[in-house]
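Engineer: Got a predicted structure here, sequence first:
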Amino acid sequence: MKKFKETKSIAAYIDRKNIDTDAIIPKQYLKAVTREGFGETLFDDWRYLEPGNLGDDHSQRKKNPEFFLYDSKNTNAQILVAGDNFGCGSSREHAVWALMDYGFNVIISTSFADIFYNNCFKNGLLPIILDPADIKKIIKNIEKKNNVFIVNLEEQLIYCDDFKIKFKIDSRRKEVLIQGIDDISETLKLSDKIKDYENKKIIRTPWNSND
Amino acid sequence: MKKTLYDKLWDEHHIHTYDNGYSLIYIDKHLIHEVTSPQAFEGLKQAGRSIWSKKSIMAVPDHNVPTKMRENGIKDPISKIQVDALNKNCKSNDLLKFDLEDIRQGIVHVVGPEQGIILPGMTVVCGDSHTSTHGALASLAFGIGTSEVEHVLATQCLLQKKSLNMNIIVDGMMPDYFYSKDLALLIISKIGTAGGTGYAIEYTGSSISNLSMEARMTLCNMTIEAGATTGLVAVDDKTINYVENKPYAPKGKDFTEAKRYWKNLISDIDSVYDKTLNIDVDKSSPMITWGTSPEMAVGIDENLPDLNDEKFSSKRQDLKNAFSYMGLKEKQNVNSIKLDKIFIGSCTNSRIEDLRIVADIVKNKKVAKNIKSAIIVPGSGLVKEKAENEGLDKIFTKSGFEWRSPGCSMCLGMNDDKLNEFERCASTSNRNFEGRQGRLGRTHLVSPATAAAAAIHGHFVDVRDI
Ligand code: SF4
């Protein structure tokens, strides 16, 4: 898994609440059997003026000039600031793959949907939860100056020229990102304990045993 | 200590606590479909790992399969690759799978309970957010992403932080034509699509006891639309009767023993919830979503919202966007919303009871001329068979509906069943997000009864009036 320590970048802001995973990556791209190449179709319905399909040459599709990521001030942004309840809806991890493949490393919102939030940490994407007042500060800064922000996970700080903001993150999730921990290897260290549990289970609830 | 149902399920499957507040939870059943699993199997292979417990897995293709002319196979070559990958992965690992040709094939969340593969007291996961459906059987069930699918394949466990407990107490007599789908939309319209985030929601109260198992599944299914990954209903006689004699359910002495265990799967009296919500359904009306989020819902006898209403002050822009996407006006009368398509199906509403309700309403009536297509997609091959044995298919086709083969179909439009640009659909599915049923398509979520009534009239009507 990709490690995350620090990102230094401008931030793009999208003024929408409840951005769902269908909007982040529409269904037709879920037919892929790999994890790569979803960046070109991130926010597909908002981004292109004509429909697209898996396998199309997306560079040939008509773009929506109004789309926020095509605004020159957002070019190369690696930080995305969005409205409440980001990533709601389907469990598709393709949403995280698409955001990362596009180039985002950090998503900032007041809240995230649970499954999406989980999926982020499996891939090295940092979702930051801030209270509305801090988000307002960031948005103001983006609108006025379009500063470069530094997001440092070790220190749990977002810096820009004007201010710095401390963010909370639980200690395990922080470790996972900083060290790029593979959860599966971690869990397999407890194999004996899992087997133990299974052995007891056969006796306690035999009808619910996979043995 | 007094425990809620969720606490009990959690404790029973708890294997290890890390010092950072995380726990390792054992997973009993893992449901798999073609869309969110290929990358997980690939990851497993690349890491040289094997499947921990093959018997915990049930696989079925559903998301991406054709619902008509199945005998010709899957036309779309890309969809075919995905379904073939599922076949290959299941075959090489010797996993239980219901093929497209198998009468047991259907939507993963319909098939699991129908087969008795999902039982009370289990932990259940699937790479699909509507896994919450299975909570109706008092199982701890939630959707996961593809990396977690891989994690469960490799370890039979998941790292989890315990959720908070929410109790939604529903009391009162469910009025005629007000179904558990309406109840779900009513709840979501009250607490919002993030209202349940971080919680496991248990539904209690007299109205819930009165619901059938299928109706409970509909309610638990929609729980994810309120932001909670898990919805639960405690075990009662209905639960046990439902499970009894299902193909994979325990039999004989095992069943008696299991039954004794299952009866304890209720929240202790005086157990403490972190949040409680009371809902009285006595005077509720059938619900319809008008916007692009399941919380944007009104009663069928109400008008669409007035943007000037103070209660929308913080959401005005979102509502405006929704009105514009949906091609509707504020304060518009619900009856004036004309439709192009009707979709009856999805893991929310595609079980036999749903189909009976529809048949009751459309019998000897015709689908309105302005409806371009009205499709009914049963949740599984067995639901289809049952409906045909009851003669429901004849009622549907005589009325002008198309009777299809089971799958997710227009719930997410990965196959050919979808909305074209600006088409408007009355749908019994669970999401009305922008583009969900097709690019620029417009979805209204309703119960099967309201969808059926709309099909006959060509626009929304109050099903109680017909
Ligand atoms: S019917 Fe819809 S919600 Fe249900 S499993 Fe299929 S795609 Fe998911």
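Structural biologist: Sure, I can see it.

Engineer: Quick check: A:Arg35 vs A:Ile181, distance?
Structural biologist: From A:Arg35 over to A:Ile181 the distance is 18 Å, taken as CB to CB, to the nearest Å. Using the backbone N, CA and C atoms, a C-beta is placed for each residue, glycine as well.

Engineer: State the pLDDT value of the closest residue to the ligand within chain A.
Structural biologist: Here chain A gets closest to the ligand at one residue, A:Ser90, 7.1 Å apart by CB to the nearest ligand atom. A:Ser90 carries a pLDDT value of 89.

Engineer: number of nearby residues for the closest residue in space to it that isn't next to it in sequence?
Structural biologist: Spatial nearest neighbour of A:Ser90, excluding adjacent residues (CB to CB, 6 or more residues apart in numbering or on different chains): A:Thr21 at 4.6 Å. Using other CB atoms under 10 Å in any protein chain shown, A:Thr21 has 29 other residues around it.

Engineer: got it, and B:Lys259?
Structural biologist: B:Lys259 has 17 nearby residues by other CB under 10 Å.

Engineer: for it, what are its contacts?
Structural biologist: B:Lys259 makes contacts with B:Ile240, as judged by CB atoms under 8 Å, 6 or more residues apart in numbering or on different chains.

Engineer: pretty sure it is in a strand, no?
Structural biologist: No. Assessed with DSSP: H, G, I helix; E, B strand; the rest coil, B:Lys259 is helix; it does not lie in a strand.

Engineer: Spell out which helix or strand contains the residue lying closest to B:Asn93 once chain neighbours are set aside, please.
Structural biologist: Distance criterion CB to CB, 6+ apart; nearest residue to B:Asn93, sequence neighbours excluded, is B:Ile51 at 5.6 Å. For B:Ile51, there is no enclosing helix or strand under DSSP states H and E.

Engineer: Test my guess that B:Ile51 contacts B:His151.
Structural biologist: No. When contacts are counted by CB atoms under 8 Å, B:Ile51 is not listed as touching B:His151 (11.8 Å).

Engineer: Quick check: pLDDT value at A:Asp161.
Structural biologist: pLDDT recorded at A:Asp161 is 87.

Engineer: if I read this right, B:His126 contacts B:Ile117, doesn't it?
Structural biologist: One correction, residue B:126 is Cys, not His. No. The pair B:Cys126 / B:Ile117 is not scored as a contact, 11.4 Å apart, by CB under 8 Å.

Engineer: what about stretch B:272-282, near chain A?
Structural biologist: No. Under the criterion of CB under 8 Å from any CB of the partner chain, stretch B:272-282 makes no contact with chain A; the nearest approach is 15.4 Å.

Engineer: And the contacts of that stretch?
Structural biologist: B:2, B:4, B:164-175, B:178, B:183, B:186-187, B:190-191, B:199, B:202, B:205, B:207.

Engineer: Assumed A:Phe4 was part of a strand.
Structural biologist: No. A:Phe4 is assigned coil when assessed by three-state DSSP, not a strand.

Engineer: what's the spacing between it and A:Phe43?
Structural biologist: A:Phe4 sits 22 Å away from A:Phe43, taking CB to CB as the criterion.

Engineer: ditto for B:Val149
Structural biologist: For B:Val149, the distance to A:Phe43 equals 25 Å [CB to CB].

Engineer: Same drill for these two, tell me which one is more crowded.
Structural biologist: Counted by other CB under 10 Å, B:Val149 and A:Phe43 do not tie: B:Val149 has more neighbours, with 27 against 20.

Engineer: quick one: contacts for residue 106?
Structural biologist: Since no chain was named, I'll use chain A. Applying CB under 8 Å, 6+ apart, we find A:Val106 in contact with A:Thr7, A:Gln78, A:Ile79, A:Leu80, A:Leu125, A:Leu126, A:Pro127, A:Ile128, A:Val151.

Engineer: think we crossed wires, I meant chain B
Structural biologist: So B:Gly106 contacts B:Val60, B:Asp62, B:Phe98, B:Glu114, B:Pro378, B:Gly379, B:Ser380, B:Gly381, B:Leu382, B:Val383, B:Pro406, B:Gly407 (CB under 8 Å, 6+ apart).

Engineer: Need the pLDDT of it.
Structural biologist: At B:Gly106, the model reports a pLDDT of 98.

Engineer: just A:Thr34 next, same as before
Structural biologist: For A:Thr34, the pLDDT comes out at 88.

Engineer: Counting by contacts, list what the one helix or strand B:Ala359 maps to packs against.
Structural biologist: Assessed by DSSP H and E, B:Ala359 sits inside helix B:352-362. Applying 3 or more CB pairs under 8 Å, 6 or more residues apart in numbering or on different chains; DSSP states H and E, we find helix B:352-362 packed against helix B:213-221, strand B:341-344, helix B:381-389, helix B:392-399, helix B:448-457.

Engineer: Turn those into TSV, including mean neighbour count and mean pLDDT.
Structural biologist: Below are the helices and strands packed on helix B:352-362 laid out as TSV (neighbours: other CB atoms under 10 Å in any protein chain shown; pLDDT from 0 to 100):
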stretch	mean neighbour count	mean pLDDT
helix B:213-221	26	98
strand B:341-344	28	98
helix B:381-389	18	98
helix B:392-399	19	98
helix B:448-457	27	98
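
Engineer: Need those in TSV (columns: distance to the ligand).
Structural biologist: Converted to TSV, the helices and strands packed on helix B:352-362 look like this (distance: least, CB to the nearest ligand atom, whole Å):
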stretch	distance to the ligand
helix B:213-221	8
strand B:341-344	10
helix B:381-389	13
helix B:392-399	19
helix B:448-457	14
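
Engineer: which residues touch residue 130?
Structural biologist: Reading this off chain A. Counting by CB under 8 Å, 6+ apart, A:Leu130 has contacts A:Ile108, A:Ser109, A:Thr110, A:Ile138, A:Ile165, A:Phe167.

Engineer: that's the wrong chain, I wanted chain B
Structural biologist: Going by CB under 8 Å, 6+ apart, B:His130 touches B:His109, B:Gly143, B:Asn221, B:Ile224, B:Cys347, B:Thr348, B:Asn430.

Engineer: where's the nearest residue to A:Gly37 once chain neighbours are set aside, which helix or strand?
Structural biologist: Closest residue to A:Gly37 apart from its sequence neighbours, by CB to CB, 6+ apart: A:Asp101 at 6.6 Å. Here A:Asp101, judged by DSSP H and E, is contained in helix A:94-102.

Engineer: one step back: can you add distance to B:Phe422 and give the helices and strands packed on helix B:352-362 back as CSV?
Structural biologist: Shown next, in CSV, are those (distance: least, CB to CB, whole Å):
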stretch, distance to B:Phe422
helix B:213-221, 28
strand B:341-344, 11
helix B:381-389, 31
helix B:392-399, 26
helix B:448-457, 17
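
Engineer: quick one on the thing from earlier: who has more neighbours, B:Ile51 and B:His151?
Structural biologist: Neighbours were counted for B:Ile51 and for B:His151 using other CB under 10 Å; B:His151 has more, 28 against 20.

Engineer: neighbouring contacts of the helix or strand hosting that one?
Structural biologist: Using DSSP H and E, the element containing B:His151 is helix B:146-155. Applying CB under 8 Å, 6+ apart, the set of residues contacting helix B:146-155 from outside is A:35, A:93-94, A:118-119, A:122-123, A:183-184, A:187-188, A:191, A:194, B:27, B:30, B:32, B:36-37, B:39-41, B:43-44, B:47, B:49-52, B:57, B:125, B:127, B:144, B:157-159.
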